[in-house]
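S.K.: what's the 3D shape of this:
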Amino acid sequence: MGRGGKKPNTTIQLPPPTALTDNLPSPHSNRIMFRFRTFLLCSALALAGCATTAPTAPQAAAAHAMPREANAPVILISIDGFRNDYLQRGITPTLSSMAADGARAEYMRPSYPAITFPNHYTLVTGLRPDHHGVIANFMTDPAIPGVRFSMFDKATVSDERWWDDGKPLWSSVREQGGRAAAMFWVGSEAPVHGARPEFWREFDIKVSSAQRVQQVLEWLALPPAQRPHFITLYFDVVDTMGHRFGPGSPQVNQAMTEVDTAIGQLLQGIRAQGLADSVNIVVTSDHGMTATSPDRELYLDDLVDVSRLDFVWTGAYASFNALPGGEAAATQLLAGTYPHMQCMTREQIPARFEYGHHRRVPAYICMAELGWQVTTRQAQQRKGHRLNGEHGYDNTLPDMYAPFIGHGPAFQRGAVIAPIDNVDVYPLLARLLHITPSHNDGDIQRTDAALKH
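M.R.: Residues are numbered from 1 along each chain as shown. So this is what the prediction gives:
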C-alpha cells in the first residue's frame, strides 16, 4: 500500500466480527490496516518534509505549532445516515446526554448532493464538493481518462488523484507537528497530499461498532507523545438499515441503539483513562434519510433512448454524459416536463446548491422530488435490490438534515445554536486543535456560541 517510497503499512488480523453490508468503500476487503509512526520517526519525517511538494512558508512556520504530547485529543464521529430528528425518538440516551451536557445545533445542512463520499470529505476539508472534487460516490474525470472512480473499487479509493483537490484535516495536523488517526473515513485510504493519517484502518464493514470504539480507545491509551491529536470514528449501520427498511423502521431504531451503546462505551473508556476533562468530541452525520418505495421509481428508459447516455449516478438524482450519438436523447430529456423530476444541464443547476462547476460533474442531471428515484432499468438491475430509504435530495429539505453535537471541556453546557452548514465543522475542529486551517468554505463564527469563552 505504500506510495511515493513511504513505509508500507503493517497488517494485523482481528477476530471475525459480526457481518454487515452497505454501500461503502472497499466492501470486499477482509484486512484491517493501520499505520503507526513512532514519535522519533514522525518527527524526523516532519522535519524532512513528508509531502510530495514542499510546504508553503506559512506551513513551514507552523510546523511546530502543535505540542508533541496529545493531551487534549479531538474526536470527530460520523453516524452515516443519521437524520437530525432521530434524536427525538428517545432511544439514544448517550447522544441525548452528550447534547445536554454539551452543545448542539438546531440542525446541520449537508452539502449538495446529500450523499456519503462528498459530505464526509466536506467535513474534513471544509470545502463544498464542487471545490474539493469528490462530487459523488462514483465519478469520472477528464483529467484521469479511462478510469471510473467507484466507492467499491479499492484501486480508485486509494488513488490520491481523486482527493488532492482538497486538503483533509489530518494533512494539516501532520504538517503542523501533530498526529492523526482514522477509524474509517472517506479519503483516509489514499496518500492525499503525500500521506495518510499516521494511524489508519482500511475500511472493512465486518468490523462491528464496538470493535471500532475499542480501536479508538487503544489509540487514546498510547503515551501522550505517541497518541493521535485528531481521531475520526465512522459508523455505517444506521445508513444501511435506513436504505433497506426505511427511516421509520424497527431496524433503524435497533441500529441507532447499537451505535448509541458503542458511543457510550467510548465515553466510559475515556473516563477510565482519565481523559474526560481533556477530550473534545463532535458527533454529526453526512446526511439524513427519507422514505421511498419501488412504486416511486422513474425510469428514463420510458422517456428516451438511453443507450448512448453514460450514467455516472442514479438514485435521488441521475447524472450522465452524452456519448457520441446521444446528444439528441439528452436534448429530448431537457425539453420535457415531467412529474416528480426536473432535468437540466450542469450550468442550469440552481446556484443555491453550489454545485456544477467542477470538471467531474456530469453534463446533465435529472433531480427527483423527495422520496422519488431516477434510474434506468440497467442501473436498477446492476444494483440488484430496491430501496425503502434514500438520500441525495435537495440539501435544504429537513429529511436531509444531520445533527451536530459538541461535547467536552471546550463546549458550553446546554447550548443550542442556530442551524449550521457542514462546511462549518472543519474550522471548528481546527480551532479545537489550535492549528491553522487550510482555505475552506466554512464560517467559524457560526459555531462560536457553542464554545466556552
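S.K.: which residues in this protein form helices?
M.R.: Assigned by DSSP state H, the chain shows helices spanning 39-48, 57-61, 93-101, 116-125, 129-132, 154-157, 169-175, 209-220, 237-245, 250-272, 327-335, 377-383, 425-433.
S.K.: so what's the residue nearest the centre of the chain scoring on pLDDT?
M.R.: The centroid of the chain falls nearest to H120 when counting by Cα atoms, centre = their mean (1.5 Å). With respect to pLDDT, H120 scores 98.
S.K.: about what we covered before: adding distance to E297, write the helices of the chain out as a markdown table.
M.R.: C-betas here are computed from N, CA, C, even on glycine. Shown next, in a markdown table, are the helices of the chain (distance: least, Cβ to Cβ, whole Å):
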| stretch | distance to E297 |
| --- | --- |
| helix 39-48 | 51 |
| helix 57-61 | 49 |
| helix 93-101 | 33 |
| helix 116-125 | 21 |
| helix 129-132 | 25 |
| helix 154-157 | 28 |
| helix 169-175 | 38 |
| helix 209-220 | 32 |
| helix 237-245 | 14 |
| helix 250-272 | 21 |
| helix 327-335 | 16 |
| helix 377-383 | 7 |
| helix 425-433 | 34 |
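S.K.: out of the ones you listed, nearest to E189?
M.R.: Closest of those to E189 is helix 154-157, at 5.5 Å (criterion: Cβ to Cβ).
S.K.: residue ranges with poor pLDDT in this structure?
M.R.: Residue ranges of the chain with pLDDT under 70: 1-64.
S.K.: try it again with 90
M.R.: In the predicted model of the chain, residues 1-65, 195, 380-386 satisfy pLDDT under 90.
S.K.: ok, the closest residue to the residue nearest to the centre of the chain other than its chain neighbours - how many residues close by?
M.R.: Once flanking residues are discounted, H120 sits nearest to V186: 3.7 Å by Cβ to Cβ, 6 or more residues apart in numbering. Neighbour count for V186, taken as other Cβ atoms under 10 Å: 29.
S.K.: so V186 makes contact with F117?
M.R.: Yes: the criterion here is Cβ atoms under 8 Å, and V186 meets it with F117 at 5.2 Å.
S.K.: circling back: what's near enough to touch the residue nearest to the centre of the chain?
M.R.: S78, W185, V186, G187, Y234, D286 (Cβ atoms under 8 Å, 6 or more residues apart in numbering).
S.K.: repeat for V374
M.R.: Counted by Cβ under 8 Å, 6+ apart, V374 has contacts L298, L300, T314, G315, A316, Y317, A318, M341, C366, M367, A368.
S.K.: can we see that at 6 Å?
M.R.: By Cβ atoms under 6 Å, 6 or more residues apart in numbering, V374 lies in contact with L298, A318, M341, C366, A368.
S.K.: do you know how far L169 is from R104?
M.R.: 21 Å (Cβ to Cβ, to the nearest Å).
S.K.: Quote the end-to-end distance of stretch 347-354.
M.R.: Distance between the two ends of stretch 347-354: 11 Å, counting by Cα to Cα, to the nearest Å.
S.K.: For it, give me every contacting residue.
M.R.: Y112, R128, D130, Y355, G356.
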